[in-house]
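Asks: could you look at this predicted model? Sequence included:
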Amino acid sequence: MAIITPTVRPLQPPPGSSINFGAQVDGLDLENLTDDQFAAVRNALYQHHVVVFKNQSKLSPKAQYELTKRFDPAADNYGHGKTLDAKRSILHPDLKTIPHQPQVQVIGNGFVPSYEGLENIQLKHPHHRTFHKDHIPDDKDYDFTRFYRWHIDAALYDLYPPMVTTLLAVEVPKGRRQTLLYDDGSDETLDVPLGTTAFVSGENMFDLLSEEDKEFVKTSKVEYAPHPYIWMSQAHSLSTGLGLHSEGLELPESDLPPIDEKKIMKFPMVWKNPVTGKLALQIHPSAVRKIHCADGVVIDDLATVREIVYKMQRPAISPQHVYAHDWEEGDLVLFNNRGVIHSVVGAFKPDEVRLFRQCNLAASEAPIGA
């Protein structure tokens, strides 16, 4: 039997873009990957960070889960743990669990009569008006949009951030595009497909820093709030989706579920790529609470922490650095959750149905720093 070797083709950036990540992989049966073929896929992921497989509509939830798990065989819990069960969590409305494969979630928009054991499900695509301090006027909503929330897929309490997330496009609305606005005093905009997923490279984010800032992030750690998605549930996002306004709206610890100090997550600001050794600035800007500096100083003024993180991350989300995937039905996208941050984008009409499957698993090991 001939051994099938996958073809890996770097994605071609659009005119004016400086994107240097992303690849399409062809020639594999993802339901029946050999160890050598998976090794090639893993290498492609850590070399290119976002890997696209076309025409995967028939991929089963079981195979999607098994592919995701293969990146970290000791992992098994859904990446956000019991966050889904917390009614106050900002993630609660966005995800439905597939009954026969509970590590795989369904996300999207619109009414779906039946899918993989789920019946009469109403999906709701996150809209920036529910999370941002201000929003695009309703009469311009279908022409313009924003980044909803830049993030890493991670519980950020008790569980380690997943190695990889897999996203499968089952049903995708056709045709319409939107203009993404930054609305932060800059005149930056980005033409995006409806309901795109936007990615930026953490390695590029690190490379854009000054030498002084590179030294700071290589030697500092961030501490995340306990139960962060409940903690931030009353707060408002900046218009760029890159972190929160400091208005004192975060819930006090007395209003959170019980807190185990040992489960509070503290990670290096930069994470090392396990294949290339390159460093990526990987911070969830909405969930960060403190910065621990190399000299022992702890920056715990929340507004100051957010200003520091924003200053370091903002250059890398400018339009020329953003990869906005143009989803087609059957696209399976794997992304290096420890090497990119990403955001939901878009405003859908009620009758525009978008159906996706997502899988990520809380990692068995913490990220490795510089």
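Replies: Sure, I can see it. Since the structure is predicted, the reported quantities are computational estimates derived from the model, not experimental observations.
Asks: got the phi/psi numbers for the residue nearest to S246 when sequence neighbours are not counted?
Replies: Spatially, and ignoring its direct neighbours in sequence, S246 is nearest to A303 (3.8 Å; CB to CB, 6 or more residues apart in numbering). C-beta: built from backbone N, CA, C; applies to glycine. A303 adopts backbone torsions of phi -60, psi -40, taken as degrees, to the nearest 10.
Asks: burial of A303, as a residue count?
Replies: Other residues lying near A303 total 12 when counted by other CB atoms under 10 Å.
Asks: what's the closest non-adjacent residue to P193?
Replies: D326 (4.3 Å).
Asks: over to D26?
Replies: In space, D26 is closest to T7, 4.6 Å off (CB to CB, 6+ apart).
Asks: is it correct that the one you found is in contact with Q37?
Replies: No - contact between T7 and Q37 fails when scored by CB atoms under 8 Å: they sit 11.7 Å apart.
Asks: rewinding a little: what's the local residue count around the residue nearest to D26?
Replies: Neighbours of T7 under the rule other CB under 10 Å: 12.
Asks: how about the contacts made by it?
Replies: V25, D26, G27 (CB atoms under 8 Å, 6 or more residues apart in numbering).
Asks: and the gap between it and E247?
Replies: Distance of T7 to E247, computed by CB to CB, to the nearest Å: 50 Å.
Asks: okay, now D29: neighbour count?
Replies: 11.
Asks: number of residues surrounding the spatially closest residue to it that is not a sequence neighbour?
Replies: Excluding its sequence neighbours, the residue lying closest to D29 (CB to CB, 6+ apart) is I4, at 7.8 Å. Counted with other CB under 10 Å, the neighbours of I4 add up to 15.
Asks: show me the contacts for I4.
Replies: G27, L28, D29, Q37.
Asks: S364 too?
Replies: Contacts of S364 (CB under 8 Å, 6+ apart): D72, A74, A75, Y160.
Asks: swap in K278?
Replies: Contacts of K278 (CB under 8 Å, 6+ apart): E203, K272.
Asks: again, only this time at 10 Å
Replies: Neighbour list for K278: Y46, Q47, S201, G202, E203, F206, D207, V270, W271, K272, G339 [criterion: CB atoms under 10 Å, 6 or more residues apart in numbering].
Asks: narrow these to those that are buried.
Replies: Listed as buried from the contacts of K278 are Y46, Q47, S201, G202, E203, F206, V270, W271, K272, G339; burial here means 16 or more other CB atoms under 10 Å.
Asks: closest one of those to D143?
Replies: The nearest member of the buried ones among the contacts of K278 to D143, counting by CB to CB, is S201 at 28.5 Å.
Asks: over to K278: give its phi and psi.
Replies: phi -70, psi 160.
Asks: give me every residue that touches the residue lying closest to H227 once chain neighbours are set aside.
Replies: The shortest distance from H227 to any non-neighbouring residue, by CB to CB, 6+ apart, is to L256 (4.8 Å). Neighbouring residues of L256 by CB under 10 Å, 6+ apart: A86, R88, Y157, A225, P226, H227, P228, I230, W231, E250.
Asks: how about the helices in the stretch 251-370 of the chain?
Replies: 302-313 (DSSP state H, counting those that start in this stretch).
Asks: where do the strands sit along it?
Replies: 266-268, 270-272, 279-281, 288-292, 298-299, 323-325, 332-336, 340-344, 354-360 (DSSP state E, counting those that start in this stretch).
Asks: list the strands paired with the shortest one, with their directions.
Replies: Pairing partners of strand 298-299, with direction, according to DSSP bridges: strand 288-292 (antiparallel).
Asks: average pLDDT for the strand it pairs with?
Replies: Strand 288-292 shows a mean pLDDT of 98.
Asks: sorry, back to before: would CSV of the buried ones among the contacts of K278 with distance to V172 be doable?
Replies: As requested, the buried ones among the contacts of K278 are exported to CSV (distance: CB to CB, whole Å):
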residue, distance to V172
Y46, 27
Q47, 27
S201, 24
G202, 27
E203, 29
F206, 33
V270, 35
W271, 31
K272, 35
G339, 25
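Asks: hang on, E215 in a helix?
Replies: Yes - E215 forms part of a helix when assessed by DSSP: H, G, I helix; E, B strand; the rest coil.
Asks: contact partners for it?
Replies: Residues counted as contacts of E215 (CB under 10 Å, 6+ apart) are L209, A294, A370.
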